[in-house]
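*Asks:* got a sequence here, can you model it:
(3 chains)
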Amino acid sequence: MLRACRSWPLPIVLVLLLGACGQPPWNNPYPASQSGENILYGAFTERPKHLDPVRSYSANEYAFIAQIYEPPLQYHFLKRPYELVPLTAQALPEVRYLDAKGEPLPADADPERIAISEYLIEIAPGIQYQPHPAFAQDAAGAYRYHQLDAKALARLKTLDDLPETGTRELIAEDYVYQIKRLATPWLHSPIAGLMGEHILGFQALRERIEAAAPEPVNGARLFFDLRQVAFEGAEVIDRYRYRVRLEGRYPQFLYWLAMPFFAPMPWEAEALYGQPGMRQRNLTLDWYPVGTGPFMLSENNPNLRMVLERNPNFHGERYPSEGMPEDHAAGRLADAGKPLPFIDQAIYSLEGESIPYWNKFLQGFYDSSGVSSDAFDQAIQFDTGGEAELTDEMRAQGITLVTAVQTTIWYMGFNMLDPLLGGDSESARLLRQAISIAVDFEEYISIFANGRGVEGQGPIPPGIFGHREGEAGINPVVFDWRDGRAVRKPVEEARALLADAGYPNGRDPHTGRPLTLYYEAMDAGPDGRARLNWIRKQFAKLGIELVVRATDYNRFQEKMREGTGQVFMWGWNADYPDPENLFFLLYGPNRKVDGGENAANYRNPAFDALFERMKNMDDGPERQAVIDEMTAILRHDAPWSFGFYPKSFSLHHQWLDNVQPNLMANNTLKYRRLDPALREELRERWNPPVLWPLGALLLVLVVGAVPALIVARRRERGRAL
Amino acid sequence: MPVILITDALIFVLIAVGIGFGLYAARHEHLRGPWRQVGRSPIGLAALVVILFYIGIGLLDSLHFHPRVESVAAAPSAAAPTYSTQIISVLDLWLSGLRERQEKTFSAPFASHLFVKEPIEQPDGSVVRGYPRLEHGGAHLDDPARRGVDIALRGLLGMVTGLIVWSALLVVLIAVLALRWRQPFNASVRAIWRGETELPWRVGLITLALMLVLSFMAAELAAKYHILGTDKVGEDVFYQSLKSIRTGLVIGTLTTLVMLPAAVILGIMAGYFGGRTDDVIQYLYTTLNSIPGVLLIAAAILMLQVYMTNHADQFQSLVERADLRLLFLCIILGVTSWTGLCRLLRGESLKLREADYVQAARSLGVRHSTVISRHILPNVLHIVMITLVLDFSGLVLAEAVLSYVNIGVDPTMNSWGNMINSARLELARDPVVWWSLAAAFVFMFTLVLAANLLADVVRDAFDPRLRSAA
Amino acid sequence: MSAYILRRLLYALPILIGVNLITFLLFFVVNSPDDMARMQLGDKRVTQEAIDTWKGERGYDKPLLYNAAAGGLGALTETIFFQKSLKLFAFDFGQSDSGRDIGFDIRQRMWPSLAIAIPTLLVGLAIAISYALMIVFFRATYIDVGSVVLLVAMMSISGLFYIIGGQFLIGKLFRLVPISGYDTGLDALKFLILPVVVGVVAGIGSSTRLYRTFFLEEINRDYVRTARAKGLHERKVLFRHVLRNALIPILTGVVAVLPLLFMGALIIESFFGVPGLGSYTIDAINRQDFSIVRAMVFLGSVLYIVGLIMTDLSYTLVDPRVRLS
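*Replies:* Residues are numbered from 1 along each chain as shown, chains lettered A, B, ... in the order given. The predicted structure is shown next:
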């Protein structure tokens, strides 16, 4: 490194201009002052839209707020199948069932008789909020910043301009406050509609809040203290206990209690941000969260970077000491019992493009990375058994690979309202089945996802109760079981089905022309064209002409809502590990045209009846039987072609530990552990600047100048003579 | 069954206009002179030859039709032939080999094996991961290791064929020239060889030879190999590059054409009438000009998408949709770029209005429309000419940038912009997949370079100020 | 002079109204307020009720251009168009559809844009002028011919290739600078090198060629011939007379684009991850954030008009023969 500098005299000047020769690497995108610090580096592609737990509902937002806000429950980091454990709660909530008269019922009572379920949640005492100006009090105990005058507001640019901070203990009131916020109409919680169906008196609360709250001023809502609004659905019992009442039975509610929607919200925060003028300065709960979690947002500049910093008031949590047997073997329990979090800071930079991200990861400037399909061959190879493993090059860099089948399904849906393709007629059903066979998702996975996916056999991805592996789990309409694996039926069978449906060779018998179907596409990206061509090819196997109607995502959704599409592809990410969250996508009353999520607009009374039974059952053989029955109906009716369950591959540098993927938990940042010294050393080793091009450029310029000088000299002389 | 897409129709209109203009120019010395000067410039002629090659391919790609579907044996009605709803062009038909010989995924230029590893089933039933043979590229070889020889032989064959065709053309051409020059054949050959002719035939013929040899070599090799490799879904990159030519040409020419009437009429009106008319027209183009172009294009393209979604039944096929989007892109690009021409024309007609002969015509009571069409329009035609040529290369380049922002041509349409857009992700691969990017670069660079060189020559020939200065 | 500027500014008003009307029509034909609400409220589980309240809060529940329900003047003022346009003229851009204050973001993102645009302009100008001068000095030699061919070739390469190539070579293969990103203060320096180099190289072809023609035009004038006849050194002729006179069209051209530097470089910024106004605009287009795009269109138009006025003024400053009328 130093020798390289000596051998190039001019570059040394450049080097001095740039700062220093040698360490840190020239291409280090971070300030030198951060070297050796216990900081995790990540990126965000798009700035998060909402950081208010009442609004936020997407993975890129959860990456931040799940580290800051603490709902009462969380998923166990290591145990599989996913298991709920208390986070701020003392224990898992107790459930009590009441009948219509308010009499308690035994736990195994007939669900029909259950009118109300009561959840009693007790939180741990002594949990403190992060330091925040909303809690700052003066000597007299009055809140310093709750009554800012116009002058103070004018000086305000960021939250840092309110220097004094304070804290307070977490109480049950804060949880109830947040549940009331879910009902607040102007906060637009995406789950308000759903919770309205389950939490007792939720709709009435909405109306009460609307009626009681003052009118907005200049489009902005001022602080309205929700504590004064009574709510039978969520009540404070004492300082550390609160009770949630649900209508009927809704066992899935526990899962919701592990999502940030049910995190605590101190009223002080709303009082601070609800002052007039705060919103014009982007000072809202949507941008400046306040929580009790292991981290707090210390820099919030979505135009550049977001920084999470260790919360000094964190109540302390310890690394889990139990796990699966393979966790023991893999050393994932080495940190058992150690206090969390391990890292001091997490810096997320804005990185819109995938190429720079990947290259920076290889250079060691990001700690983990996904594997984009273009970087795939460089990173991953398959061994002879078809198992994914890292390439030698990656292994030489000490990178580790972590894989997991996601609890997500990508499916090809058929609009059941379509006169040709939809409906309950035998002909349409055969047509759908034929298409299901013809569209070869295995090929799709191998071309577009580099084999990172598992072909779907039904609506339930692995890892969720109800999924069946092996021969028992295959979709007999589309697959055969041969040599110990599922094999897609040959295209001939699909053609035969198509002929049975009344379209021999894919021709419409009335016109003699090939059958024409419309595909609603929503991608316009670079890969879009290839993907659309591929899908067209699949339909062409049957002689069907597929007309692609490509639009943007907005239009696509509009089409889905109007139910005017024919064939489309869409995905669903399970909110919680329960089959109800997937089957409801095909539940009749939940049709998209009626405002639900059932994009195929499928409706089958037998299926709907089974769904209503299934959703209230506890996991067990009985529930499995119902699920099997439901799956069989779906396979026969084929409103979806069950595309595939994507597999996520992630790469981590050797200095990062405890990276076991947990698809349900999103507060896993606290488990990560870093070795900054090793990172520093490797970054230096990997990034020696290549200097010869600078020298070469200089040489070209010098050599190029010589003839020019000669000509110039000759000219001047010629003129002088 | 032929199909005429809207842009096809406009291309034919453009050609008609071009021929009409050519005939008109031939009869008017002030237009014929500069054109002859263009022809006399060796660079201009060479560029022209290259551009003509591009135009030829573009034209072949503009003759669209529905291919006939071979009727199914079972179908009783043999009388009415059925046509596919698919639309293809003559070029597609000609290149159907390239179009249909698709591989599974990436393969390098001239490769005989896939670029990525796949599980290959061995004869004994075991599965090994390796690079499988391509289905088409180099499939005729028994021993892929010896494909260098095969490539060289085929290349040579192509070269020889190209030279033979060239020689045939040469003989015919020289015979014609000799007749016109009233010279013996040999003397003509000598004159051309020594570069003593008025037009630089030598340069033109050498360029022609180069292009012919390249085309025939490509044709010969493309029959057995993917000479520019294949892309992610195994489509031949050479085919894509050829298909992109039409897109580039259409954007480069139709954009100016569609807005030409507005620019000419408004520009001349503003300059000729002055006063209120001038104010209104100036207001119009200043307003349009002050909107950042990219944003205007983005809005317009989004709007088109809405229209298409709402009227989906009007567009039976992808090709028609893509075509409409292309046309719309041309129009909106035209809207953002016509103002420059309009301003130039306004200035020129402002000057011409004061010219003696115009004043004389006016005082004799000649109608405004007659004055404009007789005296003003012919005298500003050279400005239109120069603008058209100068704008061309800029527009071809703009297409690529717009496609990057996803507001360019339809993603299903072959265009260099779309090729670059998808190829930039491929650069992140290691080993790098460079051929899509390189192919788009070479094809685009050649066209734009030729256009730029021609534009220089044309401007020098037509711009009197520079001509006198030279 | 000030009367002239004032008149020009007043003249700009109808233009800005026109610009606003055009963008407004374009965007609302594309996007109904319902779409915007849905986009901002997220994908999962959105109810019509939530959409209606969202629209109500942001003033999108009024008719677009004409309110038949409101009487008198209200028919025009109680519309989305009027309400949303009026504030723009006071440079109050309001909130983006996702709820952030646009003015705040613009003020923040303006600096990275300028940090790239100004060095690119200055360095590009310096290189292009000196190169053009050199070509003119060596006119009618192979250096001239070779350079012109080189320049035309450079012009014929799409800007995308420069960006892709620059990032690939300098950032990835040579590891000289960070591949992308940005930082505040002095730390920004190392991030600026690559975009500026790419911007300069991409622009050299066309600008040098343009300046060359300016120089050539001057060099054929009578006064240059006279100067040369006096026996003045070629170098002196070039620097003292040709350069000075050719600078007038060059600089007035630069003045016209100066205000637009604020708008940032669209592609370069989004490629190199620079949080400037260019990438802001691109993001807004992709997210269909109507408010931001409208604000940027307005800003762009204002700056364009400012550029026009500045050009006129600069003409009078450098050339006393031109009078403001």
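*Asks:* would you mind measuring the gap between the ends of stretch A:548-555?
*Replies:* 14 Å (CA to CA, to the nearest Å).
*Asks:* actually stretch C:136-146, not the one I wrote
*Replies:* Terminal-residue distance, stretch C:136-146 (CA to CA): 12 Å.
*Asks:* what's that stretch in contact with?
*Replies:* Applying CB atoms under 8 Å, 6 or more residues apart in numbering or on different chains, the contact partners of stretch C:136-146 are A:707-708, A:711-712, C:134-135, C:147, C:212, C:215-216, C:219, C:234-235, C:238, C:242. (Glycine included, C-beta is placed from N, CA and C.)
*Asks:* so where do the strands sit in the stretch 501-650 of chain A?
*Replies:* With strands called from DSSP state E, counting those that start in this stretch, the stretch 501-650 of chain A shows them at A:516-521, A:545-550, A:567-573, A:640-652.
*Asks:* packing partners for the second one?
*Replies:* Going back to what we said before, that points to strand A:545-550. Applying 3 or more CB pairs under 8 Å, 6 or more residues apart in numbering or on different chains; DSSP states H and E, one finds that strand A:545-550 contacts strand A:516-521, helix A:528-540, helix B:318-353.
*Asks:* before we move on, what about the last one?
*Replies:* Packed against strand A:640-652, as judged by 3+ CB pairs under 8 Å, 6+ apart, are the following elements: strand A:368-370, strand A:400-405, strand A:408-414, helix A:426-438, helix A:441-448, strand A:453-455.
*Asks:* residue ranges with poor pLDDT in chain B?
*Replies:* Filtered on pLDDT under 70, chain B yields the residue ranges B:69-85, B:125, B:127, B:306, B:309-318, B:428, B:464-470.
*Asks:* before we move on, the earlier item: tell me which of the helices and strands packed on strand A:545-550 sits nearest to chain C.
*Replies:* Proximity to chain C (CB to the nearest CB) singles out helix B:318-353 among the helices and strands packed on strand A:545-550, at 10.0 Å.
*Asks:* worst mean pLDDT among the strands of the stretch 501-650 of chain A?
*Replies:* Confidence, taken as mean pLDDT, is least for strand A:545-550 of those (a mean of 78).
*Asks:* ok, back up a step: minimum distance to chain B: which of the helices and strands packed on strand A:640-652 has it?
*Replies:* Among those, the nearest to chain B by CB to the nearest CB is helix A:441-448 (6.3 Å).
*Asks:* report the distance from that closest one to the chain centre.
*Replies:* Centre-to-centre, helix A:441-448 and its host chain are 23 Å apart (CA atoms, centre = their mean, to the nearest Å).
*Asks:* that one and chain B, any residue contact?
*Replies:* Yes - Helix A:441-448 reaches chain B (CB under 8 Å from any CB of the partner chain) through A:I447.
*Asks:* buried sites along that helix?
*Replies:* Of all the residues in helix A:441-448, those buried under the rule 16 or more other CB atoms under 10 Å in any protein chain shown are A:441, A:444-448.
*Asks:* nearest residue to A:A375 in space, please, no chain neighbours.
*Replies:* Nearest non-adjacent residue to A:A375, counting by CB to CB, 6 or more residues apart in numbering or on different chains: A:W358, 5.0 Å away.
*Asks:* what's the closest of the buried residues of helix A:441-448 to C:A90?
*Replies:* Set against C:A90, the nearest of these by CB to CB is A:F448 (49.7 Å).
*Asks:* picking up where we left off before, name the helix or strand for the residue nearest to A:A375, please.
*Replies:* Assessed by DSSP states H and E, A:W358 sits inside helix A:354-363.
*Asks:* the strands of the stretch 501-650 of chain A into a markdown table, with extra columns for distance to A:F253 and mean neighbour count?
*Replies:* Output for those, formatted as a markdown table (distance: least, CB to CB, whole Å; neighbours: other CB atoms under 10 Å in any protein chain shown):
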| stretch | distance to A:F253 | mean neighbour count |
| --- | --- | --- |
| strand A:516-521 | 35 | 20 |
| strand A:545-550 | 40 | 22 |
| strand A:567-573 | 19 | 19 |
| strand A:640-652 | 26 | 21 |
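*Asks:* how's chain A carved up into domains?
*Replies:* Here the domain assignment for chain A is A:2-24+A:689-720, A:69-288, A:408-648, based on automatic domain parsing.
*Asks:* looking at these, which has the lowest confidence?
*Replies:* Least confident of the domains of chain A, judged by mean pLDDT, is domain A:2-24+A:689-720 with a mean of 66.
*Asks:* show the end-to-end separation of stretch A:89-104, please.
*Replies:* Note: stretch A:89-104 ends 24 Å apart using CA to CA.
*Asks:* and it, what's buried?
*Replies:* For stretch A:89-104, the neighbour count (16+ other CB under 10 Å) marks A:89, A:92-93, A:97-98 as buried.
*Asks:* just to revisit the earlier point, okay, the strands of the stretch 501-650 of chain A in a markdown table with distance to C:I305 next?
*Replies:* A markdown table is the format used below for those (distance: least, CB to CB, whole Å):
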| stretch | distance to C:I305 |
| --- | --- |
| strand A:516-521 | 41 |
| strand A:545-550 | 38 |
| strand A:567-573 | 46 |
| strand A:640-652 | 51 |
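*Asks:* how about residue 197, what does it touch?
*Replies:* The chain I'm using is chain A. A:E247.
*Asks:* to clarify, I was referring to chain C.
*Replies:* Residues near C:V197 by CB under 8 Å, 6+ apart: C:166, C:170.
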